[in-house]
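A.B. asks: Predicted structure and sequence below. I'll ask about it afterward.
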There are 2 protein chains.
Amino acid sequence: MGLIVQKFGGSSVANAERVFNVASRVIETYDNGNDVVVVVSAQGDTTDDLIEKAKEINDRASRREMDTLLSAGEQISMSLLAMAIQKLGRPAISLTGWQAGMITDSNYSKARVRRVTGERIRRELDNRNIVIVAGFQGINKYDDITTLGRGGSDTSAVAIAAALGADLCQIYTDVTGVFTSDPRIVKDARKLDTVSYDEMLELASLGANVLHNRSVELAKKFNVNLEVLSSLVKEPGTIVKEETNMEKMLVRGVARDNDVARISLCNVEDAPGKAFQVFSLLAKHKISVDIILQSIGRDNKKDISFTVDLDALDGALKVLEENNGIIGAESIVHYDNVSKVSIVGAGMVSNPGVAATMFEALYNAGINIQMISTSEIKISVLIEQEHAEKAVRAIHEKFHLGA
Amino acid sequence: MGLIVQKFGGSSVANAERVFNVASRVIETYDNGNDVVVVVSAQGDTTDDLIEKAKEINDRASRREMDTLLSAGEQISMSLLAMAIQKLGRPAISLTGWQAGMITDSNYSKARVRRVTGERIRRELDNRNIVIVAGFQGINKYDDITTLGRGGSDTSAVAIAAALGADLCQIYTDVTGVFTSDPRIVKDARKLDTVSYDEMLELASLGANVLHNRSVELAKKFNVNLEVLSSLVKEPGTIVKEETNMEKMLVRGVARDNDVARISLCNVEDAPGKAFQVFSLLAKHKISVDIILQSIGRDNKKDISFTVDLDALDGALKVLEENNGIIGAESIVHYDNVSKVSIVGAGMVSNPGVAATMFEALYNAGINIQMISTSEIKISVLIEQEHAEKAVRAIHEKFHLGA
């Protein structure tokens, strides 16, 4: 008995049959005496179809108009879900982002949530309605419709859960939870019962496409209990929450990310402020840099290498080449046939043996490490992409993560 | 140079090519120095497709959810049109019903416009934007989305024109204007340059599917100059405005309506208040009655006959049969193989010869008249449906309405 927010993605509501499947999952929770808020994405390919329609007309349409256009997608799916719940004999009402009070900034197509007023949602819950809210969308101070960008519906769900003080925010997906590694690569990958926010953040940013980082960050900030679970298989998922046992050292999972590229600035002057110059330039152009490696200076020259997201590669190269007059690299080279393989686990930093164990697994598998990056709760290595799956399996086995 | 509201229907924006056609019509008006507000319906079959989706899930869905669902249709078309105008290099912004301040009552699926705040529209016009507004939709005092029902987008356009004090409200259709009769029936039917609100009202209610009555009533009330014109053919349309020459007697057009049915209550008691009893009963059930004919009482019995819209026939019969204990008709019979053929023109009432001329035309064509109804500006007759087209042609010719 409590307040539960449930989020269902686009594939979960792609057709009438699936809409009814979601409706009955929702009703089960409602009939157990809970208040239920459901956050829903646009049906199946609706968003892509709308983008296609827009591109046919104007491939450089204003982002405001794009957001207004795309928000129609959730408006359709939310009312259909409300109708399905009504059909099954329970009271339901659907609310758009603006009706639900999802206030955002004006950064169209990737707006950030400012606050959720939530008054309307609360009023409808008080009337014992199941409340369906359009995910992914909000409204800015000019009364214009905004969208939250990638992972938007997860973010909507967590923001609503935070604003309402929900007991649980369930994110329904096509997997049954968070695994020690990708089950498609590692056969005996094991589902985790719980994982901390920080671990989930690292796993998410390392290619475990279960939850978007933004929603996890928000959940951490407002201490929202998240559960990742399957919309098709009825079994408990993985709970994402505050770490309660800080001392326990545990490698929680192995992840792989192919969408990275390496850039090297060769033979730049070995002078103070050079790295600052390069990375502030990239930051100014909103290009995120991940692993950084700087060679030891020799003959007053050094190499600066780093990785960027694959889709940021062209932009990064353009910025660097245009500014090479200031940077002064002898050459700028890049290489995108790489993978980042990472292990994640709380307390890793205080256990130096973990990194050694990981490197040993790679050595035994005959895999060369190009770059290394460590944080409090993760260790990442950059390797040739063709070895990535073998690397994940070797590490998974070495740490006995399997079932 | 002025403020012009232009309304385009669903077929005018059915695909990208047509959206661009509309965009260039709009831009032509804008480039002539006018402020332009465009009201747009949902693309082509979008509304029907959404209704189909809803029916698949719940054929008795709440009307609130239906309205929310359907309103997504115009939200899509309006942003696509804004994008097309932007593509052609002019500034455009699209507004939903609630953004445009289209305030309605809460009668979902057939809401009435209460007022148009219009502030947002004015602000965007002041910024020299071409403003696209979603037709057919509004918002009630609970912040819920409503739709205006049949003819809704025309009504939106006229309401906005009235609120903003527009110089002209252009309704773009698939015909080039209002004709003396249906050109598909009468070959030499002629386009009218002007027609009065009242004449247009009669023509609309008599089956000339050019403008919906609600929008004409609204235009009359607020003295909005309407123009009916083609979205494809560039030529002046028909102006609908206040009658300025009241003395001029003119039969303006001949219309035919097949969507009628006749009901007869046979041998009811010839007592005072019987007609009141019957028609107040029907009014209570929101059933509109058109032509009424009551036979002269004989043996203390009389017949009451009247016509209703074809789609109201079943409902009317049900109400009458359920209440026949009070009404006391010996039998209730109906007949739906009829047409209503009408002539419309201001000042008709003061020219008794007009009715005679119309009846003469029907007599010469060998067509029997079942019922007759007259008003200040129209004369309608009910005849066998199979003779309807012949009747229209005969009357059109008799009054020399042709080109």
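C.D. replies: Great, that's in hand.
A.B. asks: How about residues contacting stretch A:10-30?
C.D. replies: A:4, A:6, A:8, A:36, A:38, A:40-47, A:77, A:80-81, A:84-85, A:87-88, A:90, A:130, A:172, A:174, A:231-232, B:53, B:56-57 (CB atoms under 8 Å, 6 or more residues apart in numbering or on different chains). C-betas here are computed from N, CA, C, even on glycine.
A.B. asks: In strands, which of the residues you listed appear?
C.D. replies: In this view, these that belong to strands under DSSP state E are A:4, A:6, A:8, A:36, A:38, A:40, A:130, A:172.
A.B. asks: Just the buried subset of those residues, please.
C.D. replies: With burial judged by 16 or more other CB atoms under 10 Å in any protein chain shown, the buried subset of those is A:4, A:6, A:8, A:36, A:38, A:40, A:130, A:172.
A.B. asks: Enumerate the residues of chain A near chain B.
C.D. replies: By the rule CB under 8 Å from any CB of the partner chain, the part of chain A lying against chain B is A:16, A:19-20, A:50, A:53-54, A:56-58, A:60-62, A:64-66, A:68-69, A:71-73, A:75-76, A:78-80, A:82-84, A:86-87, A:93-94, A:96, A:98-99, A:120, A:143-145.
A.B. asks: Could you give me the PyMOL selection string for whichever of those residues are buried?
C.D. replies: Per 16+ other CB under 10 Å, the buried members of the residues of chain A next to chain B correspond to this PyMOL selection:
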select buried, chain A and resi 16+19+20+50+53+54+57+58+61+62+64+65+66+68+69+71+72+73+75+76+78+79+80+82+83+84+86+87+93+94+96+98+99+120+144+145
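A.B. asks: Residue A:100 and residue A:120 touch, don't they?
C.D. replies: Yes - with contact defined as CB atoms under 8 Å, residue A:100 and residue A:120 form a contacting pair (6.2 Å).
A.B. asks: So which other helices or strands are in contact with the lengthiest strand in chain A?
C.D. replies: For chain A, the strand with the greatest residue count under DSSP E is strand A:253-269. Applying 3 or more CB pairs under 8 Å, 6 or more residues apart in numbering or on different chains; DSSP states H and E, one finds that strand A:253-269 contacts helix A:197-205, helix A:274-284, strand A:301-309, helix A:313-322, strand A:331-344, helix A:388-398.
A.B. asks: Can you tell me which of these is most buried?
C.D. replies: helix A:197-205 (a mean of 24; mean count of other CB atoms under 10 Å in any protein chain shown).
A.B. asks: now the angle from it to strand A:331-344?
C.D. replies: 130 degrees (axes from the mean of the first three to the mean of the last three CA atoms, to 10 degrees).
A.B. asks: Just after helix A:197-205, pick out the following helix or strand.
C.D. replies: Downstream of helix A:197-205, the first helix or strand assigned by DSSP states H and E is helix A:213-221.
A.B. asks: which parts of that following helix are buried?
C.D. replies: A:213, A:214, A:215, A:216, A:217, A:218, A:219, A:220.
A.B. asks: what residues are up against residue A:315?
C.D. replies: Applying CB under 8 Å, 6+ apart, the residues contacting residue A:315 are A:285, A:287.
A.B. asks: Please apply the same query to residue A:175.
C.D. replies: A:210, A:228, A:230.
A.B. asks: Could you report the distance from the first one to residue A:389?
C.D. replies: Read that as residue A:210. To residue A:389, residue A:210 is 19 Å away according to CB to CB, to the nearest Å.
A.B. asks: still on that earlier bit, neighbouring strands of the longest strand of chain A in the sheet, and parallel or not?
C.D. replies: As defined by DSSP bridges, the strand partners of strand A:253-269 come to strand A:301-309 (antiparallel), strand A:331-344 (antiparallel).
A.B. asks: Could you list the low-pLDDT ranges of chain A?
C.D. replies: Low-confidence segments of chain A (pLDDT under 70): A:204-209, A:244-249, A:347, A:349-352.
A.B. asks: and the longest helix for it?
C.D. replies: For chain A, the helix that runs over the most residues, judged by DSSP state H, is helix A:63-87.
A.B. asks: chain center to that helix: distance?
C.D. replies: 22 Å (CA atoms, centre = their mean, to the nearest Å).
A.B. asks: partner strands of the following helix or strand past it, parallel or antiparallel?
C.D. replies: The helix or strand immediately downstream of helix A:63-87 is strand A:92-95, counting by DSSP H and E. Sheet pairing here is set by DSSP bridges, and for strand A:92-95 it gives strand A:130-134 (parallel).
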